[in-house]
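Participant: Can you look at this prediction? I've put the sequence above it.
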There are 2 protein chains.
Amino acid sequence: MKILILGGDGYLGWPTAMYLAARGHEIAVVDDLSKRQLEAEIGYSPLWPIPPFAHRTLTWNKLKPSCPIKMWICNIATNRSLLYKIIDEFSPEAVVHYAEQPSAPYSMMTAKAAVDTQLNNVSGTLNLIMAILHHNADCHIVKLGTMGEYGTPNIDIEEGWLDVTHEDRTDRVLYPKRPGSWYHLSKVHDSHNLEFACRTWGLRVTDLNQGIVYGTDTDETWLDSSLSTSFHYDAIFGTVINRFITQAVENAPLTVYGSGSQTRGFLDIRDTIRCIELACETPPDGGTFRVMNQFTESFSINQLAELVQHITGCEIVHLENPRVEQEDHYYNAKHTALTDLGLEPHYLTADTLEDMIRQVRKHKKLINPEAFKPTVKWRN
Amino acid sequence: MKILILGGDGYLGWPTAMYLAARGHEIAVVDDLSKRQLEAEIGYSPLWPIPPFAHRTLTWNKLKPSCPIKMWICNIATNRSLLYKIIDEFSPEAVVHYAEQPSAPYSMMTAKAAVDTQLNNVSGTLNLIMAILHHNADCHIVKLGTMGEYGTPNIDIEEGWLDVTHEDRTDRVLYPKRPGSWYHLSKVHDSHNLEFACRTWGLRVTDLNQGIVYGTDTDETWLDSSLSTSFHYDAIFGTVINRFITQAVENAPLTVYGSGSQTRGFLDIRDTIRCIELACETPPDGGTFRVMNQFTESFSINQLAELVQHITGCEIVHLENPRVEQEDHYYNAKHTALTDLGLEPHYLTADTLEDMIRQVRKHKKLINPEAFKPTVKWRN
């Protein structure tokens, strides 16, 4: 299958590209390198250095000449005409869309960051819709959303749609969202735009509301050190399990924000790439806006801290919560669609955590403890 | 009360400014004149010429020296720093936000128009939120939304929020939206962004989901011909009753799109300005995202055509529907919040229509019948 991956230089985009190429798909990747630019501006680097986009693609293509990855540099938010050309030339059957500013804290840093995040993410997705409409409305858009779009409602979280009965009448509606940052809101806007495109032009879209991803490696990143993916543990681009692992390696306390009873969905990076494959292999009918909740297990932040403490003996400290969010809340989010398609989850075990610890320990001297501090406060 | 009106050069913004000034409020208006620019680009003018923004403000200030209107030229979507300065200098207690690209058909013309509409509208509202947060979080934002955000669900349309029971648990959620154009989607995005600002920083916001406005005049537009408001009957900026009236004056057939059983909420322009006053005078508590459905009556398009036909004897023709929308649908939209605050509606009567016909007939020779044609097709 011909699959175009937008945001192919990212934490998830790059391993997805290699995995799908290794599985026999014809892969092209697009990125504008803006994440690297943001990292440089903010001053947080991935724990280990990542070769340039062209270099890692070249390395892959030399190691795996039978399944090469094609690449383009393009900002899909601002360069609609180049995106049209790429889609015209490559003619994908599916486009996997990761190409968004991915950080909630970044979006909350300044007015400029908030506006830039929403404009970048909304216009990138709009341009993709336009390109697909223009070139091949049969092409399947696989869009990365986030479980954070839902927030923490007091009812079960369904997979994107909700059957509502109201005053003796019924309808099936988009699940109402209560996102917690300008970044999460941008994904909600994308979802509305994509649903409209399905309803109006018969596009086929899968919106994957992904949980929080952890993990350092996939089968393909092990092949060569220059194929590894970016590992962020900092307060802007990092995710919580990656941060706890890095804090443990540094013998720093594990920092829990607020009470720690906030509960979220999580998944292993190896499950992310498998979910993308499952989504691509099972395109929905034209006109269908399919939503799947892409995570495998729910944990409270306290549970995660205790898991890491159990292995490492690290101290746990509670910091004032920099975010505005409910700490004690109901949380029951459905996530059967992807297992129904065949996902066999990698659950979070002591072994998984120990593998991550081993990998992070190799780069211990590169850890910057300043990056643990939650510098972006929602209320400021 | 000090009230800042964004989009104060528009069909509704300008009469709102004069009305509130005449009622003793201290008024400033902001506009970037982009609507006039779009009109010039597309080639559709208001039926009668509208003096420049500065000219009409000057006319008002000469006629009404006791209640002058202050004015600024500012694109709030692109010039955040000037918006900050204006809000800092004027220090409003309420900001009425009309400053958005207002046309659904325009947003559906081209990929560029779609993206421009969403970026303009989303970033303008975001910049306003940032300015209010920066200068005075107590200031009340009165935002113009549209009934079109809801679409035509199979359940009653509530005023912005919905009490949901799902598997024996309950929550109060933002009413799920199903908008029908890139323009309508931009307003849905705005609503989500505003609700987040209320929830996170305790802002006070009123989101007015307005129906389709008709009418040519208010008490203030009658004072001087150069105070009149722009009257659009064309397929891009016009609204349906204004178009039917103009078609009737031209002895052209009234053009109904599709079956004509599409039902929508409507209101008189004089009720629009009164609703804005009521909203401003009753700010919600900090942290409250108040939504009110701002219309007074529901009609199907056929009912409206028949009303105009009854008075004028005009022919009615059905054209292929240029939009993608449900034609036969349930429609029961609640709209009690504004009448509870004291709105006394001007209902659509034969007298109202005859007043409009008289006013339009004065400018009969300026009517461009080409402008009646629905040139923008949703499916293209």
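Facilitator: Sure thing, it's come through.
Participant: for stretch A:85-99, the distance to its chain's centre please.
Facilitator: Computed by C-alpha atoms, centre = their mean, to the nearest Å, the chain-centroid distance of stretch A:85-99 equals 19 Å.
Participant: which ones are touching A:Ala279?
Facilitator: A:142, A:206, A:208, A:292, A:338, A:341 (C-beta atoms under 8 Å, 6 or more residues apart in numbering or on different chains). In this view, the C-beta of every residue, glycine as well, is placed from N, C-alpha and C.
Participant: Three-state assignment for it, please.
Facilitator: Look at A:Ala279: counting by DSSP: H, G, I helix; E, B strand; the rest coil, its state is helix.
Participant: low-confidence ranges in chain A?
Facilitator: Along chain A, no part satisfies pLDDT under 70.
Participant: Show me the helices in it, by range?
Facilitator: A:13-22, A:34-42, A:53-63, A:80-90, A:104-107, A:111-135, A:182-201, A:240-249, A:269-281, A:301-312, A:337-340, A:350-361 (DSSP state H).
Participant: closest to B:Leu307 out of these?
Facilitator: helix A:182-201 (30.2 Å; C-beta to C-beta).
Participant: That closest one packs against which elements?
Facilitator: helix A:104-107, helix A:111-135, strand A:140-146, strand A:169-174, strand A:204-210, strand A:289-294, helix B:111-135, helix B:182-201 (3 or more C-beta pairs under 8 Å, 6 or more residues apart in numbering or on different chains; DSSP states H and E).
Participant: Show me the one of these that comes nearest A:Pro65.
Facilitator: Nearest of these (C-beta to C-beta): strand A:140-146, 26.8 Å.
Participant: Just checking: what are the partner strands of that closest one?
Facilitator: Strand A:140-146 has the following strand partners under DSSP bridges: strand A:94-97 (parallel), strand A:204-210 (parallel).
Participant: Run the angle between it and helix A:182-201 for me.
Facilitator: With axes from the mean of the first three to the mean of the last three C-alpha atoms, to 10 degrees defining the directions, strand A:140-146 sits at 150 degrees from helix A:182-201.
Participant: Strand A:140-146: which residues count as buried?
Facilitator: Burial within strand A:140-146, assessed by neighbour count using 16 or more other C-beta atoms under 10 Å in any protein chain shown, is assigned to A:140-146.
Participant: Next, the distance between the ends of stretch A:355-370.
Facilitator: 24 Å (C-alpha to C-alpha, to the nearest Å).
Participant: Would you mind naming what in the stretch 1-150 of chain A lies close to chain B?
Facilitator: Applying C-beta under 8 Å from any C-beta of the partner chain, we find that the stretch 1-150 of chain A lies next to chain B at A:80, A:111-112, A:114-115, A:118-119, A:122-123, A:126-127, A:130, A:134.
Participant: Mind doing that once more with 10 Å?
Facilitator: Those residues of the stretch 1-150 of chain A that sit near chain B, judged by C-beta under 10 Å from any C-beta of the partner chain, are A:77-78, A:80-81, A:84, A:108, A:110-112, A:114-120, A:122-127, A:129-131, A:133-134, A:149.
Participant: buried subset of the residues you listed?
Facilitator: A:77-78, A:80, A:84, A:108, A:111, A:114-120, A:122-127, A:129-131, A:133, A:149.
Participant: wait, what's in contact with A:Tyr214?
Facilitator: A:239-245, A:266-269, A:272, A:304, A:348, A:352-353, A:356 (C-beta atoms under 10 Å, 6 or more residues apart in numbering or on different chains).
Participant: Selecting buried members of these in PyMOL, what would you type?
Facilitator: Selecting only the buried entries of the contacts of A:Tyr214 in PyMOL, with 16+ other C-beta under 10 Å as the criterion:
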select buried, chain A and resi 239+240+241+242+243+244+245+266+267+268+269+272+304+348+352+353+356
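Participant: Can you tell me how far A:Leu12 is from B:Leu208?
Facilitator: From A:Leu12 over to B:Leu208 the distance is 41 Å, taken as C-beta to C-beta, to the nearest Å.
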